[in-house]
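S.K.: predicted model and sequence below, questions to follow.
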2 protein chains.
Amino acid sequence: MSRSEHPVTETDTQYLAHALEQARAGRAEGGIPIGAALIVDGEVIAVGRNQRVQRGSAIHHGETNCLENAGRLPASTYRRAIMVTTLSPCDMCTGAILLYGIPRVVIGENRTFRGGEDLLRSRGVEVVVLDDPACAQVMSDFIAAEPALWNEDIGE
Amino acid sequence: MSRSEHPVTETDTQYLAHALEQARAGRAEGGIPIGAALIVDGEVIAVGRNQRVQRGSAIHHGETNCLENAGRLPASTYRRAIMVTTLSPCDMCTGAILLYGIPRVVIGENRTFRGGEDLLRSRGVEVVVLDDPACAQVMSDFIAAEPALWNEDIGE
């Protein structure tokens, strides 16, 4: 089921599986379970996950780590990309999506946190929220277990 | 001279010197000359510079590299910090400033590029633009010399 006004394609759910796999891998490492995948022309060209714990990082969130792993890309590639993320993107990751002109964002869930979706839409980005129960479960389990770590990651 | 409605303290110009030093060091490495410094309680706790060329990075801009170099900090530290940057912050760096609730941003110049200043102000961040000729010169020289590299960095 989708909360979005946009149609959900079968592939959105398939893409999300790659991001969720990253989130779970991050949790298994003791990290914050947020993952992302960058899709170009139907292919997963990069994945990433939050690295606050693993690297002591303030800037490697799921989406930004994914962009970093994708490497330097021409604008024309970003312009046909989809950013898939398990969780609604924070202000920084929202800004990274806008910087590179990524036209479509697929979000696993926004129940546990809601970031810059309105800003993305106001700048013409298509935002699809899948409201995926598995993504919400991973995050709600994590937030219950490590509230201080979660607050640190969202600057609270 | 300031274009800002906010008063410029003597220390803003002093802080900017640290960011400009970073920008120049980046250019000397063959990189994009944008630098930043994070100030807490009047002390420079971290500096950083754009790492697109040096690290092949899509996410280490001046401000984000500075935040990464500062390491994991509690929200209470960000809340009394100043982000000083040689150039008006792009959408991603604007978002990073908002994520961490940094209340004040000092910008060297916004002649060569103007980023998310309005969004910062709309979210209650104090934005000071110093309109520093040396910062503008470093960037305009760079843009003239390497327009393709510059466009890549701003997603164009």
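M.R.: Structure received.

S.K.: contacts, neighbours, all on C-alpha from now
M.R.: Will do.

S.K.: got a list of contacts for stretch A:75-86?
M.R.: Here stretch A:75-86 makes contact (CA atoms under 8 Å, 6 or more residues apart in numbering or on different chains) with A:15-16, A:19-20, A:23, A:34-41, A:62-63, A:97, A:100-109, A:135, B:152, B:155-156.

S.K.: in helices, which of the residues you listed appear?
M.R.: Those of the contacts of stretch A:75-86 mapping onto helices are A:Y15, A:L16, A:A19, A:L20, A:A23, A:G62, A:E63, A:I97, A:C135, B:E152, per DSSP state H.

S.K.: which among the residues you listed gets closest to B:G56?
M.R.: Nearest to B:G56 among the ones in helices among the contacts of stretch A:75-86 is B:E152, at 11.6 Å by CA to CA.

S.K.: that closest one: what's it in contact with?
M.R.: Contacts of B:E152 by CA under 8 Å, 6+ apart are A:L73, A:P74, A:A75.

S.K.: mind checking which of those residues are buried?
M.R.: In terms of neighbour count (16 or more other CA atoms under 10 Å in any protein chain shown), the buried residues within the contacts of B:E152 are A:L73, A:P74, A:A75.

S.K.: just to revisit the earlier point, what is the nearest of the ones in helices among the contacts of stretch A:75-86 to B:G30?
M.R.: Relative to B:G30, and with distances defined as CA to CA, the nearest of the ones in helices among the contacts of stretch A:75-86 is B:E152, at 14.9 Å.

S.K.: now A:V47: how far from chain B?
M.R.: A:V47 sits at a distance of 14 Å from chain B (criterion: CA to the nearest CA, to the nearest Å).

S.K.: give me the nearest residue to A:I154, chain neighbours excluded.
M.R.: The shortest distance from A:I154 to any non-neighbouring residue, by CA to CA, 6 or more residues apart in numbering or on different chains, is to B:L99 (6.3 Å).

S.K.: which residues does that neighbour contact?
M.R.: By CA under 8 Å, 6+ apart, the contact list for B:L99 reads A:C90, A:D91, A:M92, A:I154, A:G155.

S.K.: leaving aside the residues adjacent along the chain, what's closest to A:G124?
M.R.: Excluding the flanking residues, the one nearest A:G124 by CA to CA, 6+ apart is A:P103, at 7.4 Å.

S.K.: near chain B, which residues of chain A?
M.R.: For chain A, the contact set with chain B under CA under 8 Å from any CA of the partner chain comprises A:52, A:56-59, A:64, A:67-68, A:71-75, A:90-101, A:152, A:154-156.

S.K.: please, which helix or strand holds A:Q54?
M.R.: helix A:52-55 (DSSP states H and E).

S.K.: wait, the residue nearest to A:G124 touches A:E126, no?
M.R.: Yes - using CA atoms under 8 Å, A:P103 is in contact with A:E126, at 6.1 Å.

S.K.: what's opposite the residue nearest to the spatial centre of chain A in the beta bridge?
M.R.: Nearest to the mean C-alpha position of chain A, by CA atoms, centre = their mean, lies A:T85 at 2.3 Å. On the basis of DSSP bridges, A:T85 is bridged to A:A36, A:I107.

S.K.: thinking again about what came up before, out of the contacts of stretch A:75-86, which are buried?
M.R.: Buried subset of those (neighbour count, 16+ other CA under 10 Å): A:15-16, A:19-20, A:23, A:34-40, A:62-63, A:97, A:100-109, A:135, B:152, B:155-156.

S.K.: check contacts around the closest residue to A:V127 other than its chain neighbours.
M.R.: Among residues not flanking A:V127 along the chain, A:V105 sits closest, at 4.9 Å (CA to CA, 6+ apart). By CA under 8 Å, 6+ apart, A:V105 lies in contact with A:I82, A:M83, A:V84, A:T85, A:V125, A:E126, A:V127, A:V128.

S.K.: correct me if wrong: the last one contacts A:P103.
M.R.: Same thing as A:V128. No - judged on CA under 8 Å, A:V128 makes no contact with A:P103 at a distance of 11.3 Å.

S.K.: what ranges do the strands span in chain A?
M.R.: With strands called from DSSP state E, chain A shows them at A:35-40, A:43-49, A:81-87, A:104-109, A:126-129.

S.K.: reformat those as CSV; add mean pLDDT and distance to B:A28.
M.R.: Shown next, in CSV, are the strands of chain A (pLDDT from 0 to 100; distance: least, CA to CA, whole Å):
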stretch, mean pLDDT, distance to B:A28
strand A:35-40, 98, 33
strand A:43-49, 97, 31
strand A:81-87, 98, 33
strand A:104-109, 98, 37
strand A:126-129, 98, 40
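
S.K.: look up how far chain B lies from A:V106.
M.R.: 18 Å.

S.K.: wait, that residue sits on A:L130?
M.R.: Yes - counting by CA under 8 Å, A:V106 touches A:L130, with 7.2 Å between them.

S.K.: still on that earlier bit, state the distance from the residue nearest to A:V127 to A:M83.
M.R.: 5 Å (CA to CA, to the nearest Å).
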